[in-house]
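Here's my sequence, what's the structure:
(one chain, ligands or ions: 2)
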Amino acid sequence: ISLANQIAAGEVIERPASVVKELVENCLDAGATHIVVDIEQGGRRRIRVRDNGIGIPKAELPLALSRHATSKISSLADLEAIQSLGFRGEALASISSVARLTLTSATAEQTDAWQVWVEGRDMVAELAPASHPQGTTVDVQDLFFNTPARRKFLRTDKTEFNHIDEVLRRIALARYDVRFQLHHNDKLVRQYTAVEQPEDYLKRVAQVCGTPFSQEAISVESESGAVRLWGWIAPAAACRHQADVQYFYVNGRMMRDRLLGHAVRQAYTDTLPEDRVPTYVLYLELPPQDVDVNVHPAKHEVRFHQARLIHDFVLHATRQVLTAHAP
Ligand code: ADP
Ligand code: MG
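Ligands and ions are numbered 1, 2, ... in the order given. Reported below is the predicted structural model:
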């Protein structure tokens, strides 16, 4: 298995943040409402993700680690209407080929928890009894221990942790209803509490993007036919983090789309006197058949069937809000 896994792993698993992304998406697919991420040494030493999701039945534990074993697609028709975030069935296989991975899980039906363990080339997938509440823990240690070339590409712990932080921010802004905790070297670094009501969403935004942004944020709410844009935009650049607050979600997925980015930038140049860095957390919702999100999953690009219309809708909606609040 291993060589193929390692080659494929290169594409999926670039750095600790990629591991975190895959693992947390699995938790969400499993219906978790509470996800705890523990990082040691920027993730090179350890990445542990715990959830309270549905868990993995004992018999399926070793299977979860094998390539193309996904429980999420049962027919080709499913492929077209993919709801779950992960569907390729290779994340765990890829990660376990370049790290020491322990998978522990308990389901609601089972009274006991079970564990499997894999280490790089050596599949030590032995089932052992464990202690675990309902849900799953994936513990990834010594990432790239058997691939020195990849290990060399890792940056400082701080940089790697910042990437992890960013991955979690993006996910946290997509799932207000889930509680997230992020620890680095045993210290609680981020805590995103779950919010249920839309009127409380800005609390999550404040936790994720910082209070400077949330205090400046003006809410956007615009609808045209079956297309809706909502979220927040801030007239002044204000951000806790080094990176800009520029989050655009299309049907729940974070995108870095040129067309959408251009529309918001245009709204800024049209309304604000000087050069300002656009800061926004925006959600575009439209019928799934009007958009193709699988153009390139890694690049976060989308293809709208009516690109011009979407561009102008986003431009008008944001420009209107900025005009109303222009200094
Ligand atoms: P994919 O997510 O594409 O199906 P993965 O390699 O990420 O592939 O996961 C393989 C399988 O392991 C999943 O299909 C799922 O059945 C199971 N699994 C992984 N993580 C979890 C989790 N946190 N909770 C429940 N099941 C999980
Ligand atoms: Mg997955």
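
just checking, next helix/strand downstream of the worst-scoring helix or strand of the chain on mean pLDDT?
The helix or strand of the chain with the poorest confidence is helix 76-80; it has a mean of 47 (mean pLDDT, DSSP states H and E). The first helix or strand that comes after helix 76-80 along the chain, using DSSP states H and E, is helix 91-97.

What's the first helix or strand after that next one?
Heading C-terminal from helix 91-97, the first helix or strand you meet, by DSSP H and E, is strand 100-106.

chain center to that next one, what's the gap?
Chain-centre distance of strand 100-106: 21 Å, with CA atoms, centre = their mean, to the nearest Å.

Does ligand 1 have contacts with it?
No - using CB under 6 Å from any ligand atom, no contact is recorded between strand 100-106 and ligand 1, whose separation bottoms out at 6.6 Å. The way it works is simple: take the backbone N, C-alpha and C, and place the C-beta from them, glycine included.

Check what contacts that strand and list those residues.
Identification of contacts with strand 100-106 by CB atoms under 8 Å, 6 or more residues apart in numbering yields 55-56, 61, 64-65, 92, 95, 112-120, 130, 132-142, 145.

what about burial for those, which qualify?
Using 16 or more other CB atoms under 10 Å as the burial test, these include 55-56, 61, 64-65, 92, 95, 113-120, 130, 132, 134-142 as buried.

that's a helix at V167, yeah?
Yes - the secondary structure assignment for V167 places it in a helix, going by DSSP: H, G, I helix; E, B strand; the rest coil.

ok, it to S18 distance?
When distance is defined by CB to CB, to the nearest Å, V167 is 8 Å away from S18.

And D186, by the same measure?
D186 sits 23 Å away from S18, taking CB to CB as the criterion.

And the two? Which one has more around it.
Here D186 and S18 are set side by side on neighbour count (other CB atoms under 10 Å), and the busier one is S18, at 22 against 8.

For stretch 188-202, buried residues please.
Applying a neighbour-count criterion of 16+ other CB under 10 Å, one finds 190, 192, 195, 201-202 buried in stretch 188-202.

Can you give me every residue that contacts I35?
For I35, the contacting residues are 24, 27-28, 49-51, 178-181, by CB under 8 Å, 6+ apart.

just checking, which of those belong to helices?
If you go by DSSP state H, the contacts of I35 have 24, 27-28 in helices.

of the residues you listed, buried ones?
24, 27-28.

how much space between H183 and D292?
For H183, the distance to D292 equals 38 Å [CB to CB].

quick one, which of the two is more surrounded?
For H183 versus D292, neighbours defined as other CB under 10 Å are more numerous around H183 (16 against 12).

Of the buried ones among the contacts of strand 100-106, which ones also sit close to ligand 1?
Filtering the buried ones among the contacts of strand 100-106 for neighbours of ligand 1 using CB under 6 Å from any ligand atom leaves 55-56, 64, 92, 136.

Pull the most distant pair out of these.
Greatest spacing in these, by CB to CB: G55 and L92 (14.6 Å).

contacts for stretch 260-268?
Among residues not part of stretch 260-268, those counted as contacts by CB under 8 Å, 6+ apart are 233, 246, 248, 250, 276, 278, 280, 282, 284, 310-312, 314-315, 318-319, 322.

Among these, which lie within helices?
Cross-referencing the contacts of stretch 260-268 against helices under DSSP H gives 310-312, 314-315, 318-319, 322.

of those residues, the lowest pLDDT goes to which?
For those, the weakest pLDDT value sits at L322, with 93.

What is the burial count for that one?
Counted with other CB under 10 Å, the neighbours of L322 add up to 22.

I'd guessed it sits against T271; true?
Yes - when contacts are counted by CB atoms under 8 Å, L322 is listed as touching T271 (4.2 Å).

what's the distance between the spatially most central residue of the chain and ligand 1?
Nearest residue to the geometric centre of the chain (CA atoms, centre = their mean): I171, 3.7 Å. The span separating I171 from ligand 1 equals 14 Å under the rule CB to the nearest ligand atom, to the nearest Å.

where does the protein have low pLDDT?
Within the chain, the set of residues satisfying pLDDT under 70 comprises 1-12, 67-89, 121-125, 236-243, 275, 294-299, 327.

Please repeat the previous calculation with a cut-off of 80.
Along the chain, the parts satisfying pLDDT under 80 run over 1-12, 67-89, 120-126, 236-244, 273-276, 293-301, 326-327.

Map the structural domains onto the sequence of it.
Dividing the chain into domains by automatic domain parsing, as the record does, gives the ranges 2-192, 210-324.

Out of those domains, the one nearest ligand 2 is which?
Taking CB to the ion as the criterion, domain 2-192 is the member of the domains of the chain that comes nearest to ligand 2, at 2.4 Å.

Relative to the whole chain's centre, how far out is that closest one?
Here the centre of mass of C-alpha atoms in domain 2-192, compared against the chain's by CA atoms, centre = their mean, lies 12 Å away.

Would you reformat the ones in helices among the contacts of stretch 260-268 as TSV and include distance to D157?
Listed next are the ones in helices among the contacts of stretch 260-268 as TSV, based on distance: CB to CB, whole Å:
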residue	distance to D157
I310	40
H311	41
D312	45
V314	38
L315	41
T318	38
R319	42
L322	39
